[in-house]
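J.: Attaching a predicted model along with its sequence, questions to come.
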Amino acid sequence: MSLYGKTYRGLWRLRAGRTGQEIFGQAAAMVAREHLPADAVTAYQLERLRALLKHAYRQVPFWRDRMDEAGLDPTRIASLEELALLPPLTKEEVRKHGKELVAESYRDGRARANVTGGSTGEPLRFWLDDVQANLSRAAKLRYRRWYGHGFGERVLYLWGAHRDTAVRGLRGWLRRRLRQERWVNAFHLTPEEMSALVKTLNRWRPSLIVAYPSALQAFARFMRQRGLSVYAPQAIECSAEKLWPEQRLEIEAVLQAPVFDVYGSREFGTIAAECPSHEGLHIFNDLHIVEVVHDGHPAQPGEVGEILVTCLTNYAMPFIRYRIGDLGILSGEQCSCGRTLPLFKEVVGRSNAVLSLPDGTVVHGAFFSYFFYHQPGVERYRVRQRAKTSVEVLVQGDHLLTTERLAQMEQELEHRLGGQIQVHCHRVEQIDPLPSGKLGYLLSEVAVDFVNIPSEHKDPRQ
Ligand SMILES: [Zn+2]
């Protein structure tokens, strides 16, 4: 760690007092739990789950009713499996019940309202207290340590969400400077802004770049086309949208630094993150119970399903078996790094980011990512499914993207999708990010339900 980093960390600890101690203490405790044997982790989770359920039963009428209806006695819960007696909590329920879901003893103002953007742009309000906010900060320190980034070292954010990138007044500006953070808006990355970013990176030399993968890929392409090079950071952290293997390769090749994938959400902070072994994303199971459900049952390792999250630490507004809206695949393997935190083989992305075919086949977004990566002239694409039998593909490209190429792509896609669906490719000048700032490669309005409706889903690549 740099001298500035050490000094800043020391001063911050003094200034932040107990909060600072709490954050660093929590991060150290999390690191200590990373190597616990499986039975010790289960015992830890069960103890935390019991405490959370008892609290929710006592303080939130919604949960009391739900547990009574399910016949779940929180004082007697003896295994993690009993959690599945409760039906999953939906976003619609969170929207409908709002503040009723806040625990009674937190309604005096201790819990602060927060809001998620969501990739569909429809905001969702939820409540957190300071303890939970500090735990989220500690979880960030935890995984950043895995790749050698210390608190107080330089971080460049290439980020989209306005509330994150906007600086509030001189104090905000000063705070970011002291914290050694620089923020670049990923929403509209013009060539001029990308040139300025090259200069910033070379002069300021951040230890870490945190970015949306789509924004960083655009930047990597810009650099490659112009034959530019930049100072290589120690690590690159990608989150907030799906990181495709092709994007990772392209970013790593140009920026000459390893990419780490992180999965989290506003409601929960970090849920899982990659370690330097890159064998999947370690699930922070000491903070959350993460389930992957397929056809209403726990998914097998390697099988895609919907992710349900029970946050073990948010007492202000308990989230129990929450349908976060993402699909994931558990690995079932142990990571060679030695950490016993279980692995996601892959976080597939939003549950509307898969294509569903008339025969019930679910096509993973990677199918399109792989297809378009090998098409000359294609810069960006977006696949939109509005009906079960047809799909629209918007393509942004250069002079190599001719009308003939588009027609060939249509044919090839229809063929590869088993002739079940009509494909319409349209060339567009510009594919803009969604209101959330994410690029959204595949958006389907034809819902697939992994939690409620039994059906036969299969991966077309198998
Ligand atoms: Zn690992």
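T.: Yep, it's here.

J.: Give me the packing partners of the longest helix seen in the chain, helices and strands only.
T.: For the chain, the helix that runs over the most residues, judged by DSSP state H, is helix 3-33. Taking 3 or more CB pairs under 8 Å, 6 or more residues apart in numbering; DSSP states H and E as contact, the helices and strands that helix 3-33 lies on are helix 130-146. Backbone N, C-alpha and C define where each C-beta goes, glycine included.

J.: which parts of the helix it packs on are buried?
T.: Applying a neighbour-count criterion of 16 or more other CB atoms under 10 Å, the buried positions in helix 130-146 are 132-144, 146.

J.: try stretch 82-97
T.: Along stretch 82-97, the positions that meet the burial threshold by neighbour count (16+ other CB under 10 Å) are 82, 83, 84, 86, 88, 89, 91, 93, 94.

J.: ok, now how distant is the fourth one from residue 66?
T.: If I follow you right, that is residue 86. Per CB to CB, to the nearest Å, residue 86 is found 6 Å from residue 66.

J.: which residue ranges form the helices in the stretch 151-300 of the chain?
T.: Listed in chain order, the helices found in the stretch 151-300 of the chain under DSSP state H, counting those that start in this stretch are 162-165, 169-179, 191-204, 213-226, 245-255.

J.: I misspoke; the intended subject was the stretch 301-450 of the chain.
T.: With DSSP H, counting those that start in this stretch, the ranges of helices along the stretch 301-450 of the chain come out as 366-373, 403-416.

J.: which one of the ones you listed has the lowest average pLDDT?
T.: Of all the helices of the stretch 301-450 of the chain, mean pLDDT reaches its minimum on helix 366-373 (a mean of 82).

J.: For residue 294, give the beta-bridge partners.
T.: According to DSSP bridges, residue 297 are recorded as the beta-bridge partners of residue 294.

J.: and the longest helix of the chain, how far out from the chain's middle?
T.: Averaging C-alpha positions (CA atoms, centre = their mean, to the nearest Å) puts helix 3-33 25 Å from its chain's average.

J.: next one: stretch 366-380
T.: With CA atoms, centre = their mean as the basis, stretch 366-380 stands 23 Å off its chain's centre.

J.: Now do the buried residues in it.
T.: If you call a residue buried by 16+ other CB under 10 Å, then stretch 366-380 has these buried ones: 366, 367, 368, 369, 371, 372, 375, 378, 380.

J.: so which of the buried residues of stretch 82-97 comes closest to residue 404?
T.: The shortest gap between residue 404 and any of those belongs to residue 91, at 43.7 Å (CB to CB).

J.: ok, the closest one - contacts?
T.: 124, 323, 325 (CB atoms under 8 Å, 6 or more residues apart in numbering).

J.: The second one: what's it in contact with?
T.: Contact partners of residue 323, counting by CB under 8 Å, 6+ apart, are 88, 89, 90, 91, 306, 307, 308, 451.

J.: hmm, 6 Å instead?
T.: Residue 323 is in contact with 88, 90, counting by CB atoms under 6 Å, 6 or more residues apart in numbering.

J.: tell me which residues form a beta bridge with it?
T.: Beta-bridge pairing for residue 323 (DSSP bridges): residue 308.

J.: what do you get for the first one?
T.: In this entry, residue 124 is beta-bridged to residue 116, by DSSP bridges.

J.: and it, how far is that from residue 90?
T.: Taken as CB to CB, the span from residue 124 to residue 90 is 11 Å.

J.: For the stretch 151-300 of the chain, give me the ranges with low pLDDT.
T.: The model of the stretch 151-300 of the chain has pLDDT under 70 over residues 161-168, 188.

J.: Whatever residue of it ends up closest to the ion: neighbour count?
T.: Of all residues in the stretch 151-300 of the chain, residue 275 sits closest to the ion, at 3.4 Å by CB to the ion. Summarising burial for residue 275: neighbours were counted as other CB atoms under 10 Å, giving 21.
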